[in-house]
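Participant: The sequence and its predicted three-dimensional model are supplied below.
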Amino acid sequence: MIDQIAGFIDSIVYVQPENGFTVARLKEPKKKDLTIIVGTFPAVQPGETVLCKGTWKLHPSYGRQFDVSEYTIERPSDLMGIQKYLESGLIKGIGPSYAKKIVDQFGSETLEVLDKSPNRLREIVGLGEKKIESIKKCWKEQQSIRDVMLFLRTHGVSPAFAQRIFKAFGEQSIEKVKENPYGIAKIVHGIGFKMADSIALKLGYPLHSSPRISAGIEHMLWELSNEGHTCFPVIELLPLTKELLQIDQPLIEQELQRLVENKTLMAADGSVWLGPFWSYEHGIAKDIQRLAGNPQSIRSIDAKKAADWVETQLHIQFAEQQKQAVIAALTDKIHIITGGPGTGKSTITNAIIAVTSKLTNKILLAAPTGRAAKRLTQITHKMAFTIHALLEMNFEAGGFKKGKENPLDCDLLIVDESSMIDTPLLFHLLRAIPNRARVLIVGDIDQLPSVGPGTVLRDLIASELVGVTRLTEIFRQAKGSRIITNAHKINQGEFPDLFTYEKSDFHYIEAETPEAIQQIIAQLVSQEIPKTWRFDPIDDIQVLSPMKKGAIGVEMMNDVLQTLLNPSETPLLRAGRKFSPNDKVMQIKNNYDKKVYNGDIGRIRTINTVDQLLTVAFDDRLIEYDFSELEELVTAYACSIHKFQGSECPCVVIPIHSSHFKLLHRNLLYTAVTRGKKQVYVVGSKKAIAIAIHNNQVQKRYTGLIKALKSFPHSPPKLPEQLQFETIPSIL
């Protein structure tokens, strides 16, 4: 039976950003207790009056709730509702104190004053001109956001995305969306083709329109780039795009041809590239040829004698493989050293620096992430930079300051953790290296490939155009570590030693169900590991999960560990996430303005709900976030193995279960285990470990880099005038 209730929103408990599902507390007139209402009503704010239609339900955990099927919103009319509305964080600069002062001054006319006579705020004692201007601006902005939200809500867009659209286009948001909904998907982070397509179809765009088909093709290629591909075979792309667009394949072929002819896409050998990736791969090939073909500025030396000399200087004795690596790296213009943990990559890096520093002081060290750069600094006692910092972001023009016209000033560049470097980043790095420089690339080819598109380390090695040393022998000091010996066993397809030894650095705890694994990990992280090893449960322990969803996925483990390690009764709720002071958080996209990058981990220091600012400490830097920027942060008590690549932690805890079978690969488990610096705990089933070890099928990534590398010094393949669709067999 449909029922009806009304009142004002006291507080928002939870909002799911993807679908707008909301849990809120409603204050009904003449009722002492608050009513829990649930449903899809994402645009409501605390203090607003709502009339709800729906049904009463009894939730097994949360008790009696009102399930809202329809609702209407009115601005608050009573004084308590108006005050709640103003102090809800809706308007930057107005907290509970100023909200009360404003309502005390203007009473029931408060909202009308803000709408029509905001200058009357000068009547409030203590409100300066700067704050008044800020309130006026925010109030006007909120009204515009509300209009955008209401427009987009009818087209199935959640308020979190509506705010992003407003941030990009301001008061022109509705006009821009109507003008080209597919265009917003390219500009606004998180608004994908499917959402833009839904809006476009509701606005009357036909299924067979050229803008829709071209947007669908480009979307599919960008989605495939997110899976690591820089190009994709036409024969496989067509059925995927047909399934997405639900139209006949010849229409897609026709539009694909048009995109190739106008060079939005590039095509060769039956594959297509988004324009930028074609440029990146051929740019990399050209710069590898340029660097290899120019003499180095460091004077020639007897590399064998230098290797003998550095052994004495550093009080070490190289294994034969290591000595050959040092000799090759001191001789080749570009050289790659690849090997697993304990094989001496760090020792070799220090040896190269020790020899080369006698010949030049122009040595630069770089790594893809802040954590990897910090580790390189600790290993070498020489300042290392992230590649982004080395290249210097150009905020005015976009891109990097360092490049072809303004190269790096170095005679030797050493790049560590190179398995993490994706195609675009390698392109930008290579073009900034001067002709005279020698380049040493260090990495572990058996780790997971980069998060971004491409397999550049693997492709450079496979091209056979660059000198390569493969280190396979475990250096004797590392043989006592079960983390290292088990990592090598996993990498070689052998089952690791799971027996529990006293004072071991590798531990296995058997558990058969995801729920049991979750409970064990919660106990380990919150109590047992800190007690046994004196590790800080937040800073020194990292849970690494193969997947995002499920009882032992990243999201659920974060909720469990956040509640255990940093409980809060009044967390900040934004974009479906909870944030509290001292929370461990991760940056999930590159932010060049703030100089924080995808994968950086920090701790929340302060949350200012009045000024809507949150500060995060990343190592020794305090970074400020406006509440509108919080989609860039997620809690990081647990994170994906991919996201933690290139980082290390004193202790890692790895849940593993056969329900993850689609993601269980040998290189995934190997990468996870090698992230632990002092202790590794694996919790789960032996069956799941066996699945991972026996699955050595590295996920296929389509790239054109090997062919581009081998095509130089010849010109790149000529673009075909016509894509030969008639040669493609029907797949569907």
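Facilitator: Noted; the coordinates are in hand. Numbers count the residues shown, from 1 in each chain.
Participant: Please make it C-alpha for all contacts and neighbour counts, starting now.
Facilitator: Noted.
Participant: what's the spacing between the residue lying farthest from the centre of the chain and residue 6?
Facilitator: Relative to the centre of the chain, the most outlying C-alpha is that of residue 30, 47.9 Å out, by CA atoms, centre = their mean. According to CA to CA, to the nearest Å, residue 30 and residue 6 sit 11 Å apart.
Participant: Verify the stated contact: residue 639 with residue 544.
Facilitator: Yes: in this structure, residue 639 is within contact of residue 544 by CA atoms under 8 Å, at 5.3 Å.
Participant: Next, the contact list for residue 682, please.
Facilitator: For residue 682, the contact set (CA atoms under 8 Å, 6 or more residues apart in numbering) comprises 507-509, 653-656.
Participant: pLDDT value on the closest residue to residue 588 other than its chain neighbours, please?
Facilitator: In space, and not counting its chain neighbours, residue 588 is closest to residue 598: 4.5 Å by CA to CA, 6 or more residues apart in numbering. Looking at residue 598, its pLDDT is 82.
Participant: Ramachandran angles for the residue farthest from the centre of the chain?
Facilitator: phi 70, psi 10 (degrees, to the nearest 10).
Participant: got a pLDDT number for it?
Facilitator: At residue 30, pLDDT is 84.
Participant: what's around residue 206, how many residues?
Facilitator: For residue 206, the neighbour count with other CA atoms under 10 Å is 12.
Participant: before we move on, back to that, list the residues that contact both of residue 639 and residue 544?
Facilitator: Shared contacts of residue 639 and residue 544 (CA under 8 Å, 6+ apart): residue 554.
Participant: Could you check which of those two is surrounded by more residues?
Facilitator: Between residue 639 and residue 544, counted using other CA under 10 Å, residue 544 has the larger neighbour count: 28 against 25.
Participant: got the contact list for the more buried one?
Facilitator: Contacts of residue 544 (CA under 8 Å, 6+ apart): 554, 638-641, 644, 652-655, 672.
Participant: taking those residues one by one, which sit in strands?
Facilitator: Taking DSSP state E as the definition of strands, the contacts of residue 544 contribute 638-640, 652-655.
Participant: By neighbour count, which of those wins?
Facilitator: The most crowded member of those, judged by other CA under 10 Å, is residue 638 (31 neighbours).
Participant: Dump stretch 381-394 to PDB, restricted to CA.
Facilitator: Provided in PDB are the C-alpha atoms of stretch 381-394 (Å, rounded to 0.1, in the frame of the first residue of the first chain):
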ATOM      1  CA  HIS A 381      71.800   8.300  -1.600                       C
ATOM      2  CA  LYS A 382      71.300  10.500  -4.600                       C
ATOM      3  CA  MET A 383      68.100  12.600  -5.300                       C
ATOM      4  CA  ALA A 384      65.700  10.800  -7.600                       C
ATOM      5  CA  PHE A 385      62.600  12.400  -9.200                       C
ATOM      6  CA  THR A 386      59.300  11.200 -10.500                       C
ATOM      7  CA  ILE A 387      59.300  11.300 -14.300                       C
ATOM      8  CA  HIS A 388      56.600  13.900 -14.100                       C
ATOM      9  CA  ALA A 389      58.600  16.100 -11.800                       C
ATOM     10  CA  LEU A 390      61.700  15.700 -14.000                       C
ATOM     11  CA  LEU A 391      59.800  16.800 -17.100                       C
ATOM     12  CA  GLU A 392      58.200  19.700 -15.200                       C
ATOM     13  CA  MET A 393      54.600  20.300 -15.900                       C
ATOM     14  CA  ASN A 394      53.700  23.300 -18.000                       C
END
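Participant: Report the buried residues of it.
Facilitator: Of the residues in stretch 381-394, 384-393 count as buried by neighbour count, 16 or more other CA atoms under 10 Å.
Participant: I would like the residues contacting it, please.
Facilitator: Taking CA under 8 Å, 6+ apart as the rule, stretch 381-394 contacts 364-370, 372-374, 376-377, 399-403, 408, 428-429, 432, 592, 595.
Participant: Filter those residues down to just the buried residues.
Facilitator: Buried among these (16+ other CA under 10 Å): 364-370, 372-374, 376-377, 400-403, 408, 428-429, 432, 592.
Participant: I'd like the distance between residue 226 and residue 309.
Facilitator: Going from residue 226 to residue 309 by CA to CA gives 47 Å.
Participant: What of residue 349?
Facilitator: Distance, residue 349 to residue 309, by CA to CA: 15 Å.
Participant: These two: who's more crowded?
Facilitator: For residue 349 and residue 309, the more surrounded residue by other CA under 10 Å is residue 349, and the numbers stand at 23 against 15.
Participant: Which strands and helices lie in contact with the helix or strand containing that one?
Facilitator: Using DSSP states H and E, residue 349 falls within helix 345-356. Judged by 3 or more CA pairs under 8 Å, 6 or more residues apart in numbering; DSSP states H and E, the packing partners of helix 345-356 are helix 303-314, helix 320-329, strand 334-339, helix 370-380.
Participant: tell me what the third one is packed against?
Facilitator: Applying 3+ CA pairs under 8 Å, 6+ apart, one finds that strand 334-339 contacts helix 320-329, helix 345-356, strand 438-443, strand 467-471.
Participant: Residues in contact with stretch 222-239: which ones?
Facilitator: By CA under 8 Å, 6+ apart, stretch 222-239 touches 220-221, 249, 252-253, 270-274, 277-278, 450-455, 701-704, 728-729, 731-732.
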